[in-house]
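1. The following comprises the amino acid sequence and a computationally predicted model.
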Amino acid sequence: MERAEEGRVTTYDDRASLTDLTTTAERVRRSVEGVIEGKPEVVRLSLTVLLAEGHLLIEDVPGVGKTMLAKALARSIDCSVRRIQFTPDLLPSDITGVSIYDQQRHDFEFKPGAIFAQIVIGDEINRASPKTQSALLESMEERQVTIDGRTYELPTPFMVVATQNPVEMEGTYPLPEAQRDRFMARVSMGYPTPEAELQMLDVHGAVSPLDDLKPAAHAHDVVKLIDAVRTVHVADSVRRYAVDLVSATRDHPDVRLGASPRATLHILRAAKASAALSGRDYALPDDVQSLALPVLAHRLLPTAQAQLNRRTAEQVVQEILQRTPVPASGSDRAYGAGGRQAPGGPVFGGQRPGVRRI
Amino acid sequence: MSGRGRLALCAWAATLLAAAAMTPLVDAWTWLLQAAFLSAVVSGAGAAARRVPLARPLIVAGQAVLILLLLTLLFAREDALLGVVPGPDAGTRFGELLAAGAQDVGRYAIPAPATDGIMLMLIGGVLLIGLAVDALAVTYRSAAPAGLPLLALFSVAAGLSGGGAGWWWFPLAASGYLALLLAESRDRLSQWGRVFGGAPQRGGAGLDIEGGTARAPMRTGRRIGAAALGVALVVHWSLPSLGGGLIGQGGGGAGTGPGGGTINAVNPVVTLKDSLNQPESREWLKYKTNAKTTGDMYLRIMALDRFDGGAWKFSVREITDIPGELPRPEGLGDGVATTEVRTNISAAAAYRQGWLPMPYPASEVAVDGRWRFDPARRTIVGDRGQTTGGLQYSVTSLRVRPTAQQLAEAPKAPAALLEEYTRVPDTLPGDVRSTALRVTRGAANDYERAVALQDWFAADGGFSYDTEVDSGGGIQAISRFLKNKEGFCIHFSFSMAAMARTLGIPARVAVGFTPGSPAADGAMSVTNRDAHAWPELYFEGVGWTRFEPTPTRGSAPDYARAAIPSAGPSSPAEPEAAAPEEVPAAPSRSSDCSPQERRLGECGATAPQDVAAAGGEGPTLGSVLMWAGGIAAPAAVLLLPMLWRRRLRGLRLGSGGRTAEDAAARTLLVWQEVTDTAWDHGIVPDDSLSPRRAAARIVRLGGLEGAPADSVRRVARAVEQVLYAPRPAPGTGLAEDAERVRAGLGERAGRVGRLRALTLPRSGMRVVWACSERWGAVGDRVTAARRGLRDRAVAQLRRPLRHRG
């Protein structure tokens, strides 16, 4: 799909829809920000993930508004929303659905699970056992559910917004690597500023702001926006830059498991969405840079040594960002020809993919 | 070989290599073999004693005694007990030999004959130095100080040869010392134990198995040594040299005649100066002649015919046996009046030197002994140690009396002679020629020019006679003499001959004696004080003609007087009219001012004028240019970064072209320029930043506001367009933006920062990086090529083995 876009020239219609995109996105953004005060970057990132057809993982301590963000986002768009509260005794069939024998028709009838919605809010996702969570794997990546040999397509747009507490909290399981890899970005809410908190008191004191929330865009609009995002131009040098960044995580000495090729795909898609949100029809290295941390950090597994040294995955990504040169010398052709390795790039010695370093 | 053994061998070799520099000093070189053998014996004895082992001082003392025994065996066998053990007699013998050697060293020019005294000094010296080196480097195990005795040995050799020896002796001696140092370092390194090599180049283990020694450090050591040697040789050319002077230059060279045998030259110039400055006057020669006047009886010893810019030397010439009658003097035509003169000369026993003093031109010589004839210079030299001590001989010579007219009308000299005797080195300072031209202005022919030169030196130029002057050295010696105007016959004759050559008159310098003074018995007595040098100029039809530029010495010949038509009343047609016996000579131009008076400044305005004229000459154009170049070169080097940066900026901002690609390329160049400008002002570029962020950083760190900040952002946005947009829309006016950024940054940087950015642009590092990258690439290629060759060679070698196996 990415390849096919390369040579596409943006037509007049596409450009028009780009303007639509920005206005629609702006409406949604304002709507969400009406609920979540003082966190514009988090709101923007969740919009970016939405437009990039990804799934969002919101991780933070309890009580900072994770669920509020997810619900606000869901309500701002006029589409089907389901909510799954992940509890330790949740079963996979609760998510995907179950086939029930219909005595009248003498046949098994499929009862769709909670996943069959356009926006799925998975609350406290890491409180369910890994067994349950693995039910999400197929639907999140392939947008389908297979039960009893039958495959059911999920609606579009489809987005999982999951919240979780940090692993150190009581009663949580760490997410499996495979599932973390399926989330496009992980975002952290962080505590609000004193002013935002004060304002929140005023707003939330009277009525729930979610109640007043009117949808700012319809699901059709979102699908059109997603189509528009796909037309954003990404120069070869920017792609190369994304590849450089991701492959640098695989070679970094502090990382046990680097980012997957899916991560490359995700970061590029997110960059496109970010560019579209900025009203640009081409992606910049700036887009890639600003998204590298949320897109890459949750996929990396630091080595035991790095953990002992209190090195976090975020620090590793920051370091890689500082070390990888941005292609800035008009070397489109050089990169296109697949010529030489980017000079000065971090060289940590090759490693086979998937080989774990302890 | 053990470390000490290798060290001892290197010490021995270093001594010999340094000693080899002395071979040009002596005509035979066999002494070096003797010295090598004896030195090896001493070193071997030391090695044996160290193996015993003995106390270190004992070893050295033992070696010293061995040297004494060996020298006794070689030089004082007859006077020693059993031919080896030196007694008091042998001591006396050594004393005599050393005294004789010292005398010989003072007497002979280089190369000296290998007399016993000189041999003793040479071999003994080399042995002692060898002992010192051996003791320091091997016995006391510190090779570095062993360089001092080696240096002493080498500098004696280099100093005595006066730079005449070849430069190759230096690398030879230095490589000996370096080998010694290397051997010691290797020895010391091997005491550390087994040395791990670096990362293996190709397979194999990291252990350096071959030989078990540290090969990489050795190679590095050798490279350092070679580099130091190279630098020493190269730097030597680029530094101002302290060359030999007008005085003190050895008249090197030896003639090997067809009859065989070598002639050693007593250094004429040194002898001359020494004899002039001796406190008492000693009679060296006595002669009786049938000539009517003795004013022209200059006794000529030798002629110096090679001019190297600083000094006159004699060249190597063919010599023959003395013919019964000497050939007719070169260039002497029939029309010139000659008188035959017969002279009997007796030399004092104390006057010993290798040339026969004779009047010029001699036509017949009756002399006993091993004398040989040098036709080109018309001198007679002693062969195989023949000297003039106590010699009696008679000479028939011609007294040539050309008229001024004959000289003035002399045709051009033969081409070969003209070419050889007007040759001056290119390094001769320009003021010699310009002074000569100035002095001879108005002269119509060579003869008048010669006379003008002679008169200028003798009278008009304000020169004074002083035998104590040492003109110092080098190529500037003549210029300095022309400026200081003080000197003695050597200076006068050397300078006049050199100037004559610059004017195209064939010239050489003759060394000998002035006629001397009459003694009581009617003979003429010549003392050491009469030693003299004078220029000889060649005129076709007359031959080599003597001139007398030295004031207060000798007498100017008749034909060289009053020649300038306006000068005086005396007729050149009456050669006998003037009294040649006058000593000191009267000034040749009819003037009422004697040279002495001139020197004392009693002649009114003429002398000061001359001095002023000479001083006004001042620095010549050449030297001005040299100075300017000398100042400009470092300045240019300092300004190089600035000029390079300006050029680069011009190239980047001035690139043209109208197509989209050109515009894109221009945008990128402008961005590069902005980045580098920021770098020049201290904002180091960060490759990991996107154009937008880099621009923000420049604005933040550079403290830019307003228009310059907007310019940076505008350029960055244009770059984004060019680099990442599907259809770039490059901005316009970017070059102006770049200039604005530069101005803005400069404003914030202050004066010092601005100057720094201008003269020492930090972005010059790019050049360094590019160079090192290229160098690295070359290195990689070379390594790859070498590896390929080796692989191929190994494959070639293995193939037959495989067949056999």
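-> That came through, no problem. Residues are numbered from 1 along each chain as shown, chains lettered A, B, ... in the order given.

2. all contacts plus neighbour counts: C-alpha atoms, from now on.
-> OK.

3. show me what contacts residue 132?
-> Answering for chain A, as no chain was given. Contacts for A:Thr132 (C-alpha atoms under 8 Å, 6 or more residues apart in numbering or on different chains) come out as A:Leu90, A:Leu91, A:Pro92.

4. that's the wrong chain, I meant chain B
-> Applying C-alpha under 8 Å, 6+ apart to B:Ala132 gives the contacts B:Ala146, B:Pro149.

5. Just the element for B:Ala158, please.
-> Assigned by DSSP states H and E, B:Ala158 belongs to helix B:147-161.

6. Same question for A:Gly38.
-> Per DSSP H and E, A:Gly38 falls between elements, in no helix or strand.

7. Show me what from chain B comes close to chain A.
-> By C-alpha under 8 Å from any C-alpha of the partner chain, the residues of chain B that approach chain A are B:665, B:668, B:686-693, B:720, B:722-726.

8. Need the max-distance pair from those residues.
-> Pairwise distances across the residues of chain B next to chain A peak at 25.5 Å for B:Asp686 and B:Pro726 (criterion: C-alpha to C-alpha).

9. Return the set of buried residues in the helix holding B:Ala158.
-> B:Gly147, B:Pro149, B:Leu150, B:Leu151, B:Leu153, B:Phe154, B:Ser155, B:Ala157, B:Ala158, B:Leu160, B:Ser161 (16 or more other C-alpha atoms under 10 Å in any protein chain shown).

10. Which single one of these is nearest to chain A?
-> B:Gly147 (48.0 Å; C-alpha to the nearest C-alpha).

11. and the gap between the closest one and B:Leu180?
-> Plainly put, B:Gly147 is 9 Å away from B:Leu180 if you go by C-alpha to C-alpha, to the nearest Å.

12. do A:Ile84 as well
-> Counting by C-alpha to C-alpha - A:Ile84 and B:Leu180 are separated by 87 Å.

13. more neighbours, the two?
-> Taking other C-alpha atoms under 10 Å in any protein chain shown, A:Ile84 and B:Leu180 do not tie; B:Leu180 has more neighbours (29 against 18).

14. how would you label the more buried one: helix, strand or coil?
-> Per DSSP: H, G, I helix; E, B strand; the rest coil, the local secondary structure of B:Leu180 is helix.

15. Spit out the contact partners of it.
-> Contacts for B:Leu180 (C-alpha under 8 Å, 6+ apart) come out as B:Leu7, B:Cys10, B:Ala11, B:Ala14, B:Ala143.

16. Highest neighbour count among those residues?
-> Neighbour counts for the contacts of B:Leu180 (other C-alpha under 10 Å) peak at B:Ala11, which has 33 neighbours.

17. from what I can see B:Leu38 touches B:Leu68, true?
-> No. B:Leu38 is beyond contact range of B:Leu68, at 11.0 Å (criterion: C-alpha atoms under 8 Å).

18. between these two, which one's more packed in?
-> Between B:Leu38 and B:Leu68, counted using other C-alpha under 10 Å, the more crowded position is B:Leu38 (21 against 18).

19. got the contact list for the more buried one?
-> Taking C-alpha under 8 Å, 6+ apart, we find B:Leu38 in contact with B:Leu70, B:Leu127.

20. and after the helix or strand harbouring it, which helix or strand comes next?
-> B:Leu38 is part of helix B:30-51, with elements assigned from DSSP H and E. As assigned by DSSP H and E, the chain's next helix or strand after helix B:30-51 is helix B:56-75.

21. Pull the contacting residues for the nearest residue to B:Ala64 once chain neighbours are set aside.
-> Distances taken as C-alpha to C-alpha, 6 or more residues apart in numbering or on different chains place B:Leu131 nearest to B:Ala64, at 7.3 Å, with adjacent residues excluded. Contacts for B:Leu131 (C-alpha under 8 Å, 6+ apart) come out as B:Ser39, B:Val42, B:Ser43, B:Val60, B:Gln63, B:Ala64.

22. Also B:Arg93?
-> B:Ala76, B:Asp79.

23. can you tell me how far it sits from A:Val61?
-> Counting by C-alpha to C-alpha, the separation of B:Arg93 from A:Val61 is 110 Å.

24. again with B:Thr23
-> As judged by C-alpha to C-alpha, B:Thr23 and A:Val61 stand 94 Å apart.

25. which one is the closest residue to chain B within the stretch 251-358 of chain A nearest to, not counting chain neighbours?
-> Nearest residue of the stretch 251-358 of chain A to chain B (C-alpha to the nearest C-alpha) works out as A:Pro325 at 4.0 Å. Residue nearest to A:Pro325 in three dimensions, not counting chain neighbours: B:Ser688, with 4.0 Å by C-alpha to C-alpha, 6+ apart.

26. Over to B:Glu720?
-> Spatially, and ignoring its direct neighbours in sequence, B:Glu720 is nearest to B:Pro691 (6.7 Å; C-alpha to C-alpha, 6+ apart).

27. How about B:Thr467?
-> Leaving aside its sequence neighbours, B:Thr467 sits nearest to B:Phe488 (C-alpha to C-alpha, 6+ apart; 5.2 Å).

28. Repeat that for B:Arg77.
-> Leaving aside its sequence neighbours, B:Arg77 sits nearest to B:Gly83 (C-alpha to C-alpha, 6+ apart; 4.5 Å).

29. do the same with B:Leu151
-> B:Ala18 (7.9 Å).

30. neighbouring contacts of whichever strand or helix holds that neighbour?
-> Using DSSP H and E, the element containing B:Ala18 is helix B:3-20. By C-alpha under 8 Å, 6+ apart, the residues outside helix B:3-20 that reach it are B:32, B:36, B:39-40, B:43, B:47, B:126, B:129-130, B:133-134, B:137-138, B:150-151, B:153-154, B:157, B:169, B:172-177, B:179-180, B:183-184, B:187.

31. relative to helix B:147-161, how tilted is it?
-> Angle, helix B:3-20 to helix B:147-161, by axes from the mean of the first three to the mean of the last three C-alpha atoms, to 10 degrees: 20 degrees.

32. Against A:Tyr241, how distant is the closest residue to chain A within chain B?
-> The minimum distance from chain B to chain A, using C-alpha to the nearest C-alpha, falls at B:Ser688 (4.0 Å). Separation of B:Ser688 from A:Tyr241 (C-alpha to C-alpha) stands at 10 Å.

33. Tell me the residues that contact both of these two, please.
-> Both B:Ser688 and A:Tyr241 are in contact with A:Val326, where contact means C-alpha under 8 Å, 6+ apart.

34. tally of neighbours for A:Trp42?
-> Not quite, residue A:42 is Val, not Trp. Look at A:Val42: counted by other C-alpha under 10 Å, it has 18 neighbours.

35. list the contacts for it?
-> By C-alpha under 8 Å, 6+ apart, the neighbours of A:Val42 are A:Val187, A:Ser188, A:Met189.

36. what about burial for these, which qualify?
-> Taking 16+ other C-alpha under 10 Å as the criterion, what is buried in these is A:Val187, A:Ser188, A:Met189.

37. so which of those comes closest to chain B?
-> Taking C-alpha to the nearest C-alpha as the measure, chain B lies nearest A:Val187 of these, at 22.9 Å.

38. Chain neighbours aside, what residue packs nearest to B:Met297?
-> Counting by C-alpha to C-alpha, 6+ apart, the residue nearest B:Met297 is B:Pro515, at 4.9 Å.

39. Could you report the distance from the closest residue to A:Ala313 other than its chain neighbours to A:Leu291?
-> Sequence neighbours aside, A:Ala297 is the residue nearest to A:Ala313 in space, at 5.3 Å (criterion: C-alpha to C-alpha, 6+ apart). Relative to A:Leu291, A:Ala297 is positioned 10 Å away (C-alpha to C-alpha).
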